[in-house]
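S.K.: pasted the sequence and its predicted model underneath.
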Amino acid sequence: MPILQRPPAGGGTITLPSGLPPVMQQATAVAGQTAWTLAPAPSVGLLVVELNGSSLLPTGSYTVVGNTITFATPLQDGDTLVARYW
């Protein structure tokens with residue numbers, strides 16, 4: 001799965017909203033899992049998804065429809081998921 005390099009390639013930055021703490025959800029995947037449902041639904045433009053500590057690229061790694069993240073590649077048993085959104 002494509003990951004966001006740290007620091008971002010090309011020296012780009014990500015600007016996050018100031019003064020508002022993110023909603024943070026964590027989960028542990030089961031083998032073959034391809035979807036993760038969040039509550040409440042995130043704003044697609046303000047969503048950071050991490051897989052085993054690495055930020056995923058929103059293009060190619062996953063899609064978001066409503067409050068469900070669908071991963072392009074099935075997850076492995078024990079993968080750690082973190083979502084932060086505003």
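M.R.: The structure has been received and is ready for your questions.
S.K.: so what secondary structure elements neighbour the lowest-mean-pLDDT helix or strand in the chain?
M.R.: Across the helices and strands of the chain, mean pLDDT, DSSP states H and E gives its lowest value to strand 62-65, namely a mean of 91. Other elements packing on strand 62-65 under the criterion 3 or more Cβ pairs under 8 Å, 6 or more residues apart in numbering; DSSP states H and E are strand 68-71. Backbone N, C-alpha and C define where each C-beta goes, glycine included.
S.K.: what about the strand it packs on, distance to the chain center?
M.R.: Counting by Cα atoms, centre = their mean, to the nearest Å, strand 68-71 is centred 9 Å from the centre of its parent chain.
S.K.: avg pLDDT for that strand?
M.R.: Confidence over strand 68-71, taken as the mean pLDDT, stands at 96.
S.K.: buried stuff in that strand?
M.R.: By neighbour count, with 16 or more other Cβ atoms under 10 Å as the criterion, the buried positions of strand 68-71 are 69, 71.
S.K.: what of stretch 46-60?
M.R.: For stretch 46-60, the neighbour count (16+ other Cβ under 10 Å) marks 47, 48, 49, 50, 51, 55, 56, 58 as buried.
S.K.: how deep is the residue nearest to the fourth one when sequence neighbours are not counted tucked in, by neighbour count?
M.R.: Same thing as residue 50. Nearest in space to residue 50, with sequence neighbours left out and distances taken as Cβ to Cβ, 6 or more residues apart in numbering, is residue 82 at 4.2 Å. Other residues within reach of residue 82, judged by other Cβ atoms under 10 Å, total 15.
S.K.: give me the element the residue nearest to the spatial centre of the chain is part of.
M.R.: Residue closest to the average C-alpha location in the chain (Cα atoms, centre = their mean): residue 49, at 1.3 Å. Taking DSSP states H and E as the definition, residue 49 sits inside strand 47-51.
S.K.: what lines up beside that strand in the sheet?
M.R.: Sheet pairing for strand 47-51, assigned by DSSP bridges, gives strand 54-55 (antiparallel), strand 80-85 (antiparallel).
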